[in-house]
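Visitor: What shape does this take:
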Amino acid sequence: MSFLNKLLDGHEGGLKHEGMTPMQKIAMRFVVIGLLYYGLAALEGMIMRLYEIKPLPFIDETHFFSIMTVHPMVGIFGSSYMIVFGAFLFLTPFLMEKPIYSLKMANASWMFIGGGTLIMWLAGFLFSYAPLYTLYWPLPADTEQFAAIGGIVYIVGVVGIMIGTFLYTYNVFKTIVYTPPGWEKQPSGELLKSALGITALMNFFKKKDTEHLVPLPIAAIARGTIDVGLNAIVISSAGVLILIYLVANGLFSMDMQGSWVDALLYKNIFWWGLDLVADGLVLVFVAGTWYLLAMMISGKDLYMQNIARAALFVEMVVSWTVWSHHLMSDQGQSNFLKVLSGEVVTAFELVTQGIAVFIVLTTLYKAKPIKMTNELKFLLGGILGFMLAVPAGIIQADLGMNRILHNTQWIIGNHVHVAILVGLTMTLYSAIYVLFPILTNGVKLYSQKLANAHFWLHLVGGIGMGAFMGMAGIDGMLRRTIYYNGEYNTYMILAALCGAMMMLAFVLFLYNIIMSIGLKGLFGIYAPATTNTHDCLLETKPFYKE
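Guide: Here you go, the predicted structure:
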């Protein structure tokens, strides 16, 4: 078969989209868009890495900062949210063994999130809207620096993302508790208690345990989704507030800065909402995904399942109370909150994440001998990422170290990039590799050599880039700052080389996937499903034990 034929038709016949169920197609639609946005975020990251070595002639400083503003938003919402939501909208009905509550709502979710991310990105690309972290205060409604239209477009994009997020949240919980037409009445209250962890909590005080009505991965999805919904409320409220300020300032020349809203209260609420994602959604979803992957890879029961359920509940509660580590250098912030929320509770994440790592590794160890598959390699890579990134975050969540590290490349390199690019992204890659044959009805991967190269380039590149950025931070390199005289060029050149490794890893991965399913199969994912719209389940038996 010629290269062109294989590109069109895929490896060994590729993806036959006509035989896909509606939920398979929806999940793949999310993942494809999410991967494209990941590629955009990676490209933006490389532009910034190069710019910090030497400013590029085709990008001015204003546009550089607009890239810096939208880059994390594209990575979090356009990529991570899309991939996670697609996987969980598929897994929730699949593991509950009943149809999803609403196919239309699931389709609307990826459209709103994907479209909202594009609109938000255009605010930076077209209007150089670049408030950076001043999103928390002062509000980015200063029309002397940014055109009001840029901020308005940005907020419209954010609203689109949040609408898609609300639809996802409602769909997940409704799928867990509702009774499909023609089914025997489902115990919705008990299902919800089991999903939220209330049943597991009550079991600690009973002589006889109450049976868990939802699988452990569903419990993780439900608890992480609570944080998703709460975060969406906070971000939506902040967006409306910013829009009011922009309209008042831009259209009516009313300077509302310093009035109406208390700055300290706003910052606390904003960072509370943001940390629901950073310290709640990510850690809860990741731990739950690790548990599911460990069971799928090993074919064994999860070690210490009851402890795992309890730890997920504790992690959810911890995620509601750690936000103050972002405000340790704020002179107006209460010292009580700085110590209790910022230091003590934040440090507890070492315990909850440590429990998750121990349970997963023990489950895998008890299943030996075990084959080193793609999904296992990337799972171990993801675990390593968080084992490096979480302690790095705890180090700067200290009143003394925070003053030294928080506004440097340490936090954005050693902590954020290693957590997201190594910990979270490699976990997502593991999930993609394990779900790939399930979502595509058995399509075979085009090249294992490309998959191996993808793993090593991404792992070494991700850890290396974070490490060199962190070293620059220790030497005093501030984040969100351009150094024109090459003060940190050695570190930045090394970080850029590692970033290029990750970029190459993504290109190889994308090429491998496209050659596996073929362009016909890829475009066919977005064609309407030919099966009955209520036929959302696979014929496959559950793929793990519990």
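Visitor: Give me the contacts around the helix-or-strand element of the chain with minimal mean pLDDT.
Guide: Lowest mean confidence among the helices and strands of the chain (mean pLDDT, DSSP states H and E): helix 198-203, at a mean of 74. Residues outside helix 198-203 that contact it (Cβ atoms under 8 Å, 6 or more residues apart in numbering): Glu190, Lys193, Ser194, Asp209, Thr210, His212, Leu213, Ala219, Asn306, Arg309, Ala310, Phe313. Where you see a C-beta, it was placed from the backbone N, CA and C, and this is true even at glycine.
Visitor: buried ones in that helix?
Guide: For helix 198-203, the neighbour count (16 or more other Cβ atoms under 10 Å) marks Thr199, Ala200, Asn203 as buried.
Visitor: I'd like the next helix or strand past that helix.
Guide: Using DSSP states H and E, the next helix or strand after helix 198-203 towards the C-terminus is helix 216-252.
Visitor: Okay, and the closest residue to Gly14 other than its chain neighbours sits in which element?
Guide: Excluding its sequence neighbours, the residue lying closest to Gly14 (Cβ to Cβ, 6 or more residues apart in numbering) is Gly518, at 3.4 Å. Using DSSP H and E, Gly518 maps to helix 489-524.
Visitor: That helix - contacts with which helices or strands?
Guide: When contacts are defined as 3 or more Cβ pairs under 8 Å, 6 or more residues apart in numbering; DSSP states H and E, helix 489-524 sits against helix 3-9, helix 22-51, helix 425-439, helix 448-474.
Visitor: Report the mean confidence score over that helix.
Guide: Mean per-residue pLDDT for helix 489-524: 95.
Visitor: And for stretch 80-98?
Guide: 91.
Visitor: Wait, the residue nearest to Gly14 touches Leu7, no?
Guide: Yes. Counting by Cβ atoms under 8 Å, Gly518 does reach Leu7; the two are 6.9 Å apart.
Visitor: if you count what's nearby, which of the two comes out ahead?
Guide: Just comparing Gly518 and Leu7: by other Cβ atoms under 10 Å the higher neighbour count belongs to Gly518, 24 against 16.
Visitor: Relative to Thr440, how far out is the more buried one?
Guide: Going from Gly518 to Thr440 by Cβ to Cβ, to the nearest Å gives 11 Å.
Visitor: Which neighbours do these two have in common?
Guide: Leu15.
Visitor: Go through the helices and strands packed on helix 489-524 and name the closest to Pro93.
Guide: Pro93 lies closest to helix 22-51 among the helices and strands packed on helix 489-524, at 6.4 Å (Cβ to Cβ).
Visitor: Buried residues, that closest one. List them.
Guide: By neighbour count with 16+ other Cβ under 10 Å, helix 22-51 contains the buried residues 22-35, 37-42, 44-45, 47-51.
Visitor: Tell me how far that helix lies from the chain's centre.
Guide: How far helix 22-51 lies from its chain's middle: 12 Å, per Cα atoms, centre = their mean, to the nearest Å.
Visitor: Could you check the angle that helix makes with helix 489-524?
Guide: Orientation check (axes from the mean of the first three to the mean of the last three Cα atoms, to 10 degrees): helix 22-51 against helix 489-524 gives 150 degrees.
Visitor: tell me what helix 22-51 is packed against?
Guide: Applying 3+ Cβ pairs under 8 Å, 6+ apart, one finds that helix 22-51 contacts helix 61-73, helix 82-96, helix 103-127, helix 425-439, helix 489-524.
Visitor: one step back: roughly how far apart are the residue nearest to Gly14 and Val443?
Guide: Counting by Cβ to Cβ, the gap from Gly518 to Val443 is 9 Å.
Visitor: buried set for the helix holding Gly518?
Guide: 491-496, 498-506, 508-509, 512-519, 521-522, 524.
Visitor: Using the three-state scheme, assign Leu15.
Guide: Using DSSP: H, G, I helix; E, B strand; the rest coil, the structure places Leu15 in coil.
Visitor: Give me the neighbour count for it.
Guide: The number of residues packed near Leu15 is 26, by other Cβ under 10 Å.
Visitor: do the same with the one 4 residues further on
Guide: A total of 12 residues lie near Gly19 under the criterion other Cβ under 10 Å.
Visitor: I'd like to know how far the residue nearest to Gly14 sits from Phe509.
Guide: On the measure of Cβ to Cβ, Gly518 and Phe509 end up 16 Å apart.
Visitor: Please apply the same query to Leu118.
Guide: 22 Å.
Visitor: Verify the stated contact: Leu519 with Lys6.
Guide: No. The pair Leu519 and Lys6 fails to qualify as a contact (Cβ under 8 Å) at a distance of 10.0 Å.
Visitor: The helix or strand hosting Trp271 to helix 216-252, inter-axis angle?
Guide: Element membership for Trp271 (DSSP H and E) is helix 263-275. For helix 263-275 against helix 216-252, the angle by the same axes, to 10 degrees is 140 degrees.
Visitor: Can you name the next helix or strand after helix 263-275?
Guide: As assigned by DSSP H and E, the chain's next helix or strand after helix 263-275 is helix 282-298.
Visitor: So which elements touch that next one?
Guide: Counting by 3+ Cβ pairs under 8 Å, 6+ apart, helix 282-298 packs on helix 82-96, helix 216-252, helix 305-319, helix 349-366, helix 374-396, helix 425-439.
Visitor: Grab the nearest non-local neighbour of Tyr154.
Guide: Ala123 (3.7 Å).
Visitor: Fine by me, thanks again.
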